[in-house]
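Asker: turn this into a model:
(2 chains)
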There are 2 protein chains.
Amino acid sequence: MIGPGSTIGILGGGQLGRMTALAAAELGFSCHVFAPEPDSPAFAVARFTRARYDDENALDAFAASVDVVTVEFENIPVAALERLSRTRPVRPGPSVLAIAQDRLAEKRFLSEHGFPVTPFFAVRSAREAVEAARAAGGRAVLKTRRWGYDGRGQRVIASAAEAQAAFEALGGGELVLEAFVPFEREISVITARRSDGARASYPPVENRHERHILKTTTAPAPVSEALAREAVALAEAIAERLGVVGLLAVEMFVAPGDRLLVNELAPRPHNSGHWTQDACAVSQFQQLVRAICDLPLGDARPFAAAVMENLLGEEVERWPQLLAEPGARLHLYGKREVRPGRKMGHVTRLRWDVPLGFTR
Amino acid sequence: MIGPGSTIGILGGGQLGRMTALAAAELGFSCHVFAPEPDSPAFAVARFTRARYDDENALDAFAASVDVVTVEFENIPVAALERLSRTRPVRPGPSVLAIAQDRLAEKRFLSEHGFPVTPFFAVRSAREAVEAARAAGGRAVLKTRRWGYDGRGQRVIASAAEAQAAFEALGGGELVLEAFVPFEREISVITARRSDGARASYPPVENRHERHILKTTTAPAPVSEALAREAVALAEAIAERLGVVGLLAVEMFVAPGDRLLVNELAPRPHNSGHWTQDACAVSQFQQLVRAICDLPLGDARPFAAAVMENLLGEEVERWPQLLAEPGARLHLYGKREVRPGRKMGHVTRLRWDVPLGFTR
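Answerer: Numbering: from 1, shown residues only, chains lettered A, B, ... in the order given. Predicted coordinates:
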């Protein structure tokens, strides 16, 4: 057990690292943030090292200063995680990150273990892209294997004829083509898992995107109890099979007939879990701390329904109105530069009139 | 208006400064903590300066780095506050702190403005102490003028005959003797006030002490609506008369016949307001940030009743059980050294079965 007073190392300095550090501080932990970007939002609330992920001296000094290492971001180079794991527990481990940062490896992992995914094809040339699009029925999404989030590195194609242009637009190389699946809604489940296998899951939530960026999360998702239970069981089974220690966010499509298809995995705090800060006794950030430190996992049942709205780019300028709105919970990330689509903050509104049903 | 992205200077580095810094970070503010003690709990979550309060160079550099200054502790030397206030807004201002750090000045201020206080006497000699004790009816409390909190600097006397020994035990000098008043309970109100006079108050809470140190706070206090409204009106009137910008905690005795007597003022976040972190949309710490930055004050109505329990000294070792208790909200301050009676953390439990009545 890694107790309060210990130091948690966090790789990545964005808002997820910042909110993890704030949650860790509430439990009396210290944090040490490691990130290459200047002005990383998490630097303001913890000790920090600004260095590249391939700076071995900096990594070694970081490891020496912490009791456990976690990530706020799945795209940390695996070599860095492996180096750190020689001397410190790295949770989740390098093998989990290796899968989660590669869309093709992730799809293969899921399908090979019997988890439902949309049909997918590995593509290494424009010709393969066209063939795969045909096999997928024409409508499809072509994606890069790496560095895909918030809609980056993907192109929607309406027919096989568009596959070549999409392949080239993405810069070629190794890509993944996914069949287009009509779906009714997108949901996600965040599950926490400890090294001894103990687990706790927040109820499924519904996510709506604007221009591929999460705009709102509604908790709990308006789905049947049976489907909610199935989604939680699916997320927990994936976390178990992956051997995640920490958090795993599982994004899923609900296809017609209440069929679940896994879309994406993120082994870290997730934007669709921000509502837990305001509607649960233990937030996803505190839950991450508990999971990686082998502490008792917290109660993941909400005490109220909630809607979380992201403040993207200039939307953050609404902060004076949001501060004046009774009951609105505003969270800002301290980012200096406003860029279009950049996640600047979020606001959570509790809904006391929505029954929580079995999730409570 | 001092907006998110600005830097808040905090004088004092204890748990109140730490929780203020965490709340400010949630709204996208930066903080700069100034305190003389090494290992100050607030240093771990913000930029900090470790220096004495009479280090003028350090004070000037601190002022230059912040947009507004506040305090977590009323016993900051007034000279430091006055120096800072030449170049930056200091909220609450030096004149408020001058009154709040001197028990005699505080009692005089209150009584001269018609606020109800227990009978009190200024005492400068053992003979005056004995005379005052007689005038007070025998039972009384003798207190130092300065540095009184958590029961420090006071002696209870059962009769005038004990006054001389108590005077000597407190080291003599200038003291205050307060008549002993039988009371039914002790309550407190935390009110926020902005520079334009706008205000918001949390409902009265009941406080219970052990060995003069706060042990539990029950929110809301089990008092009549009329008494609760009177207590809030009293706190707001004192804040207005003092010209507080920020928070004012007003401790009061409820004497027989529902008569309120002001016991003590604290122009800063207060231990009896920690429950607001878990039971209100806006905590006392975020409310302080809003008040000193001229932002809209937050909704101070609780969404649930709550009981806050302080973890004093070795009680903090109960943290594993508290983490395992469903719904318990644990807050630890990151203090390395456990000392008897030291405030190490607190735990808040929400009570959904207690009606909030008019406070909601």
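Asker: against B:Pro182, how distant is the closest residue to chain B within the stretch 201-350 of chain A?
Answerer: Across the stretch 201-350 of chain A, the shortest distance to chain B (Cβ to the nearest Cβ) belongs to A:Leu332, at 2.9 Å. (Glycine included, C-beta is placed from N, CA and C.) Relative to B:Pro182, A:Leu332 is positioned 49 Å away (criterion: Cβ to Cβ, to the nearest Å).
Asker: with neighbour numbers in mind, choose between those two.
Answerer: Set side by side, A:Leu332 and B:Pro182 give different neighbour counts by other Cβ atoms under 10 Å in any protein chain shown, the larger being at A:Leu332 (24 against 8).
Asker: near the residue nearest to the more buried one when sequence neighbours are not counted, how many other residues are there?
Answerer: The spatially closest residue to A:Leu332, leaving aside those adjacent along the chain, is B:Gly28, at 2.9 Å (Cβ to Cβ, 6 or more residues apart in numbering or on different chains). A count of neighbours around B:Gly28, defined by other Cβ under 10 Å, yields 24.
Asker: contacting residues for B:Gly28?
Answerer: Neighbouring residues of B:Gly28 by Cβ atoms under 8 Å, 6 or more residues apart in numbering or on different chains: A:332-335, A:345, B:4-5.
Asker: go on, A:Val205?
Answerer: For A:Val205, counting by Cβ under 8 Å, 6+ apart, the contacting residues are A:187-189, A:217-221, A:272-273, A:275.
Asker: A:Arg52 and B:Val78, how far apart?
Answerer: Shown here: A:Arg52 relative to B:Val78, a distance of 48 Å by Cβ to Cβ.
Asker: who's more crowded, the two?
Answerer: When A:Arg52 and B:Val78 are compared on other Cβ under 10 Å, the one with more neighbours turns out to be B:Val78, at 17 against 13.
Asker: residues contacting that one?
Answerer: Neighbours of B:Val78 in contact, by Cβ under 8 Å, 6+ apart: B:94, B:97-98, B:101.
Asker: which among the residues you listed gets closest to A:Arg145?
Answerer: Ranked by distance to A:Arg145 (Cβ to Cβ), the contacts of B:Val78 are led by B:Leu97 at 60.4 Å.
Asker: which stretches of the stretch 151-300 of chain A form strands?
Answerer: Chain-ordered strands for the stretch 151-300 of chain A, with DSSP state E, counting those that start in this stretch as the definition, fall at A:154-157, A:175-179, A:185-193, A:199-201, A:205-210, A:213-219, A:246-255, A:259-266.
Asker: just those strands: most buried one?
Answerer: With neighbours defined by mean count of other Cβ atoms under 10 Å in any protein chain shown, none of the strands of the stretch 151-300 of chain A is more surrounded on average than strand A:185-193, at a mean of 25.
Asker: what helix or strand does A:Leu142 sit in?
Answerer: In this structure, A:Leu142 sits in strand A:140-144 according to DSSP states H and E.
Asker: you'd agree A:Lys215 is up against A:His209?
Answerer: Yes. Applying Cβ atoms under 8 Å as the test, A:Lys215 and A:His209 come out as touching, 5.9 Å apart.
Asker: so how far is A:Ala61 from the closest residue to A:Ala64 other than its chain neighbours?
Answerer: Taking Cβ to Cβ, 6+ apart as the measure, A:Ala64 lies nearest to A:Thr87, with 7.5 Å between them; neighbours along the chain are not counted. Taken as Cβ to Cβ, the spacing of A:Thr87 relative to A:Ala61 amounts to 11 Å.
Asker: now A:Gly197
Answerer: Counting by Cβ to Cβ, the separation of A:Gly197 from A:Ala61 is 33 Å.
Asker: so which of the two has more stuff around it?
Answerer: Applying other Cβ under 10 Å to A:Gly197 and A:Ala61 shows that A:Ala61 carries more neighbours, namely 14 against 10.
Asker: I'd like the distance between that one and A:Ala51.
Answerer: For A:Ala61, the distance to A:Ala51 (Cβ to Cβ) stands at 9 Å.
Asker: can you say which helix or strand has A:Val33 in it?
Answerer: The secondary structure element spanning A:Val33 is strand A:30-35 (assigned by DSSP H and E).
Asker: let me redo that: A:Gly334
Answerer: Using DSSP H and E, no helix or strand contains A:Gly334.
Asker: mind checking pLDDT for it?
Answerer: Taken from the predicted model, the pLDDT recorded for A:Gly334 is 96.
Asker: same thing with A:His274?
Answerer: A:His274 is assigned a pLDDT of 98 by the prediction.
Asker: repeat that for A:Gly172.
Answerer: Value for A:Gly172, per-residue pLDDT: 82.
Asker: burial check on A:Gln164, number of neighbours?
Answerer: Other residues lying near A:Gln164 total 16 when counted by other Cβ under 10 Å.
Asker: for it, give me its contacts.
Answerer: A:126, A:129-130.
Asker: please apply the same query to A:Gly9.
Answerer: Taking Cβ under 8 Å, 6+ apart as the test, what A:Gly9 contacts is A:31-34, A:62-63, A:65-70, A:84, A:88.
Asker: next: A:Leu16.
Answerer: A:72-73, A:268-269.
Asker: redo that, cut-off 10 Å
Answerer: Shown here is A:Leu16, whose contacts under the criterion Cβ atoms under 10 Å, 6 or more residues apart in numbering or on different chains are A:10, A:41-42, A:71-73, A:266, A:268-271, A:273-274, A:284-285, A:288, A:333, A:343.
Asker: the stretch 151-300 of chain A against chain B: which residues are in contact?
Answerer: For the stretch 151-300 of chain A, the residues found near chain B under the criterion Cβ under 10 Å from any Cβ of the partner chain are A:277-278, A:280-282, A:286, A:290, A:293, A:295-299.
Asker: would you turn these into a markdown table with distance to B:Val250, pLDDT and neighbour count?
Answerer: Rendered in a markdown table, the data for those read as follows (distance: Cβ to Cβ, whole Å; pLDDT from 0 to 100; neighbours: other Cβ atoms under 10 Å in any protein chain shown):
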| residue | distance to B:Val250 | pLDDT | neighbour count |
| --- | --- | --- | --- |
| A:Gln277 | 30 | 98 | 22 |
| A:Asp278 | 29 | 98 | 22 |
| A:Cys280 | 33 | 97 | 24 |
| A:Ala281 | 30 | 96 | 22 |
| A:Val282 | 33 | 98 | 27 |
| A:Gln286 | 32 | 98 | 27 |
| A:Arg290 | 37 | 98 | 22 |
| A:Cys293 | 40 | 98 | 24 |
| A:Leu295 | 38 | 98 | 21 |
| A:Pro296 | 38 | 98 | 18 |
| A:Leu297 | 40 | 98 | 21 |
| A:Gly298 | 35 | 97 | 27 |
| A:Asp299 | 35 | 94 | 17 |
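Asker: interface residues of the stretch 1-150 of chain A facing chain B?
Answerer: Counting by Cβ under 10 Å from any Cβ, the residues of the stretch 1-150 of chain A close to chain B are A:1, A:3-5, A:7, A:18-19, A:21-31, A:41-47.
Asker: got any ranges where chain A has weak pLDDT?
Answerer: Counting by pLDDT under 70, chain A shows low-confidence ranges at A:148-151, A:358-360.
Asker: what ranges do the helices span in it?
Answerer: Per DSSP state H, chain A has helices spanning A:15-26, A:56-65, A:78-85, A:94-100, A:103-112, A:126-135, A:163-169, A:225-242, A:276-279, A:284-292, A:319-324. These are given in chain order.
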